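S.K.: structure of the sequence below:
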Amino acid sequence: MAARGGGGHSDGDTVTGDGDMDAGDGDTAVGDCDKGAGDGDTASGVGRRGDGDVAAGVGRRGAGHPATGVGRYGTGDPATGVGRNSDGDIVSGVGRQVRWLVLVPLVACLAIAVPDLLVDRVPPLIVLLLIGPLLACVRLDVRHTVLACCWSAVLGLAMGLGDGTVRSLAFAVHWSALLVGCALTVYAARQRERLVATLAQAREVARITQEAILRPISRTLGGTQVCTRYHCVAGESTVGGDLYDVALTPYGLRVLVGDVRGHGLDALRLAAETITGFRELAYTAPDLTTLTGGLDARLTPELGPEDFVTAVLAEFAPGEVRLVNCGHPAPLRAGHRIELLEPLVPTSPLGLRPDPRQYRVRLQPGDRLLLYTDGLTEARDPEGAPFPLLGEAALALREPLPEAALHTLYARLIAHTGTALADDLALVLCQPVQAPLHIPVPMP
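M.R.: Numbering: from 1, shown residues only. Below you'll find the model as predicted:
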């Protein structure tokens, strides 16, 4: 087998790199890596520059959960008019969009009552005053529905007084029907308010659960800076078919990036199963090939006849990273040069009986390793041209901070497509941190 970059080789392994290092134990070596400094622990939502913990209302910059109205600049649930600003403070009362809705049922009732009050020949329309409370109970809360009901009852009574029928049996029947209808609209508004609150709570629980499955990361783990960015194309979910996870194991830092075939709930279920399997096996499997085989054995019974999961696994060691690629886009190494780290022997995805082969990549100081999903490589501009990954990555990864680098790469991707992404996207940026040089201080 050939060797490049001055590295020796033994045991039939191929070595590729920019420095001197031996490859052995049946592995293949190549060479380079990535950066990922952290601004804090994203699980607590503190120290993030754009994605904090919405449940705590901390660290978000105006992008909250639309269902719960949390973490947004003064806008919340339009049905309840309750939200939070970007600092997590509760904004009570109705917002500007809700205030004008309060006037709609009141004006509707007034439009029905005025003809009867002004023209004697108009037939009595008392029951039609129920339109106002009905409109209120559909979009407004209980308090404003009660207001619309009181307004309708007062106008109905005024109509009876105006035409002198207030003491008649017909008026009593019509006005009683109006009051019963108003009571029912208040009950309906109360039930709708409870359902909205229950749905908002369920969505918040789902969001927190999804973040537990797919944890945002921006920190140093085992001597390697790791930073992630994730985009889910499904608006009702924060987790899609793309996945990633990291584990600090006795064998070093291990990273998983994968992509489940398809979208929707089935893809979310398989993504969660893949992450769960990785977390269970990463700490006990002695090498990546064993870990990959265990993942495949765990996922195969859960997959349909046409389902599979592409994945790339990385294990960081001093001066190198070990990789296993199962049908996934090749990792990108950014250092003295930009290159894709393709495996020498292609391997089928998980669920299709892969024969995993581990290969090794040399890492020089300052090298960065970008792991990603096909949402990056398959993005197209309006003319159908693919995203120029190597050129754009070379520009974006010059940013000194890993979060800034991923933000720049994502911004350039959006600029290329000219619209929102049509596929899920997971980005993981890694860079080994140089250990500080300890100089002994002489004792006086």
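
S.K.: how many neighbours does Thr347 have?
M.R.: Applying other C-beta atoms under 10 Å, we find 20 residues neighbouring Thr347. Every C-beta, even on glycine, is put in place using the N, C-alpha and C of the backbone.

S.K.: the closest residue to Tyr251 other than its chain neighbours and Ala379, how far apart?
M.R.: Nearest in space to Tyr251, with sequence neighbours left out and distances taken as C-beta to C-beta, 6 or more residues apart in numbering, is Glu315 at 6.4 Å. As judged by C-beta to C-beta, to the nearest Å, Glu315 and Ala379 stand 29 Å apart.

S.K.: compare the two and say which is more crowded by neighbours.
M.R.: Legend: neighbour count by other C-beta under 10 Å for Glu315 and Ala379, higher for Glu315 (23 against 19).

S.K.: quick one, what contacts that one?
M.R.: Contacts for Glu315 (C-beta atoms under 8 Å, 6 or more residues apart in numbering) come out as Tyr251, Gly252, Leu253, Arg254, Val255, Asp287, Leu288, Val321, Arg322, Leu323.

S.K.: surely the last one touches Ala314?
M.R.: Just to be clear, that refers to Leu323. Yes: using C-beta atoms under 8 Å, Leu323 is in contact with Ala314, at 5.5 Å.

S.K.: tell me, what's touching these two both at once?
M.R.: Residues touching both Leu323 and Ala314 by C-beta under 8 Å, 6+ apart: Pro331.

S.K.: who's in contact with stretch 168-184?
M.R.: Contact with stretch 168-184 is made by 124, 126-127, 129-130, 133-134, 149, 152-153, 156-157, 160, 165, as judged by C-beta under 8 Å, 6+ apart.

S.K.: re the thing from before, got the CA positions of the strand or helix carrying the residue nearest to Tyr251 in PDB?
M.R.: Under the criterion of DSSP states H and E, Glu315 resides in strand 309-317. Only the C-alpha atoms of strand 309-317 are listed here, as PDB (Å, rounded to 0.1, in the frame of the first residue of the first chain):
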ATOM      1  CA  VAL A 309     -29.200   5.000   7.900                       C
ATOM      2  CA  THR A 310     -26.100   6.600   6.500                       C
ATOM      3  CA  ALA A 311     -23.500   7.400   9.200                       C
ATOM      4  CA  VAL A 312     -20.000   8.400   9.800                       C
ATOM      5  CA  LEU A 313     -18.300   7.800  13.100                       C
ATOM      6  CA  ALA A 314     -15.100   9.500  14.300                       C
ATOM      7  CA  GLU A 315     -12.800   8.700  17.200                       C
ATOM      8  CA  PHE A 316     -10.200  11.300  18.200                       C
ATOM      9  CA  ALA A 317      -6.800  10.300  19.500                       C
END
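
S.K.: would you mark the buried spots in that strand?
M.R.: In terms of neighbour count (16 or more other C-beta atoms under 10 Å), strand 309-317 has its buried residues at Val309, Thr310, Ala311, Val312, Leu313, Ala314, Glu315, Phe316.
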